[in-house]
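# The amino acid sequence is not available; the structure is as follows:
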C-alpha cells in the first residue's frame, strides 16, 4: 500500500453522507461509488444531481437520504447548475455575504446524463473553466428507465433497445470514450475509477476536488440488474473489468497520463464477459473482435502513460 492510500484510509470519515435506508438494488455498484465519493469530499459539499437511478432511490418525496445540500436537476443540466453554484459562491464571497470557505461543488450523473443528454452542458462548463468536480457513474445503459442503450453501452451488449438477435448481435457501436473527450478540453484533472478499487477511487476524488479548475472522474458502476450478474458479484465483476483491460484505471493530470492500477498481463477477456447475461450471446468470433479493440486501446494508453511531455488535447 502506497503513502497516498495510507493517507486515504486514515482520513476517510466514518460519517455517511448518503444515509442508509435508500432504495437502491442489492449489490448496486453505483451507490457504493456515490458513498465513497461523498465520504472523500466531506460535509462542505453541494451536489447537483441529474435525473437517474440515484435520484430515484435517494429522494422519494417527501424523504431524502442525503446529509449534504443536494439538488435534483433536469437530466441534461447537472454541469450547468454546478457551474452556476460555483459562480454564485464566488459572488457571495466577494460581496461579503458569506465567509470564504472551501466548498466542493459537484455535478453527478449517469452515463446517459453525461455522454448523451448532458454532454453539451458538460462541455460548456469545462470550457468556461468552472472550479467544480463532475462525476459520471457509468452503468453503461439507461438503467433507471428499463435498460435502454446509451452511447456508453459496450459493443455487443444486449439491452432492451439493442436486443441481440440473429441479424443484429446487440449493441453495434463502440462505447463513447468520455474521459478522452474531457481530456480534449484541456482541464486540470481527468480520471477513471471503480468502487472495486476504493482507495484508488477516494484518492482520485480528492485530487479532482483540489484541482484548480474543472475535474472529471468517470466511475464504472456495476449494475447487477441491467448486466445480469448476481448481486454478490459486483466487486468481482468490477475488478475483472480492470484486470482484463476492458476498463483501465488511469488519471490525466495537466495532460500527463498515469496508469494507477497496472496489469503486467491482462486476464482473459472471457472472464469478464461470460458471467454477464448481457454478453452471453457473443460468439467466439465476436469476443475475439472485442478483444482486439481492448488490446489496441490498452497499448495506446500505455504509450501515452509512458510519455514525458503533456499530451495535447
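Arrived safely, thanks for sending. Everything numeric here is computed off the predicted structure, so don't read it as measured data.

# Just the pLDDT at residue 29, thanks.
At residue 29, the pLDDT value in this model is 98.

# Residue 21 now?
The predicted local confidence for residue 21 is 87.

# next one: the one 5 residues further on
Per-residue confidence (pLDDT) for residue 26: 94.

# correct me, but it touches residue 231?
Yes - at 3.9 Å, residue 26 counts as touching residue 231 under the criterion of Cβ atoms under 8 Å. No exception for glycine: its C-beta is placed from N, CA and C like everyone else's.

# Show me whatever sits in contact with both of the two.
With contacts taken as Cβ atoms under 8 Å, 6 or more residues apart in numbering, residue 26 and residue 231 have residue 224 as neighbours in common.

# pretty sure residue 188 is touching residue 214, no?
Yes - contact criterion Cβ under 8 Å: residue 188 and residue 214 qualify, at 7.1 Å.

# wait, what's in contact with the spatially closest residue to residue 205 that is not a sequence neighbour?
Leaving out its chain neighbours, the residue that sits closest to residue 205 by Cβ to Cβ, 6 or more residues apart in numbering is residue 40, at 4.1 Å. Contact analysis of residue 40 by Cβ under 8 Å, 6+ apart lists 8, 12, 201, 202, 205, 206, 209.

# can you rerun that using 7 Å?
By Cβ atoms under 7 Å, 6 or more residues apart in numbering, residue 40 lies in contact with 12, 202, 205, 206.

# Looking at those, which is nearest residue 220?
Residue 220 lies nearest to residue 205 out of the contacts of residue 40, by Cβ to Cβ, at 14.4 Å.

# So which residues make contact with the helix or strand hosting the closest one?
Residue 205 belongs to helix 198-210 when elements are defined using DSSP states H and E. Applying Cβ under 7 Å, 6+ apart, the external contacts of helix 198-210 come out as 4-5, 8-9, 12, 33, 36-37, 40-41, 104, 133, 189, 191, 193-195, 215, 217, 219, 249, 251, 260-261.

# Can you show me the strands along this structure?
Here the chain has its strands, by DSSP state E, at 45-49, 70-72, 104-110, 133-138, 189-193, 215-220, 250-253, 256-259.

# What strands line up against the shortest one, and which way round?
Paired neighbours of strand 70-72 in the sheet (DSSP bridges): strand 45-49 (parallel).

# what sits up against the partner strand?
By Cβ under 7 Å, 6+ apart, strand 45-49 touches 38, 55, 68-73, 78, 81-82, 85, 103-108.

# Quick one: mean pLDDT over the longest helix anywhere in the chain.
The single longest helix within the chain, with elements called by DSSP state H, is helix 284-305. On average, the pLDDT along helix 284-305 is 97.

# ok, now stretch 36-56?
Stretch 36-56 comes out at a mean pLDDT of 96.

# and the end-to-end length of that stretch?
19 Å (Cα to Cα, to the nearest Å).

# Now do the buried residues in it.
For stretch 36-56, the buried set under the neighbour-count rule, 16 or more other Cβ atoms under 10 Å, comprises 36-42, 45-55.

# do stretch 170-184 as well
170, 171, 175, 176, 178, 179, 181, 182, 183.

# Filter these down to the ones in helices?
Per DSSP H, the buried residues of stretch 170-184 map to helices at 178, 179, 181, 182, 183.

# So, low pLDDT: which residues of this protein?
1-10, 307-313 (pLDDT under 70).

# Can you give me every residue that contacts the closest residue to residue 239 other than its chain neighbours?
Of all residues not flanking residue 239 in the chain, residue 196 sits nearest, at 4.5 Å (Cβ to Cβ, 6+ apart). Neighbouring residues of residue 196 by Cβ under 7 Å, 6+ apart: 235, 238, 239, 242.

# one more time with 8 Å
Contact analysis of residue 196 by Cβ under 8 Å, 6+ apart lists 29, 222, 234, 235, 236, 237, 238, 239, 241, 242.

# which of those has the most neighbours?
Among these, the one with the most neighbours (other Cβ atoms under 10 Å) is residue 222, at 30 neighbours.
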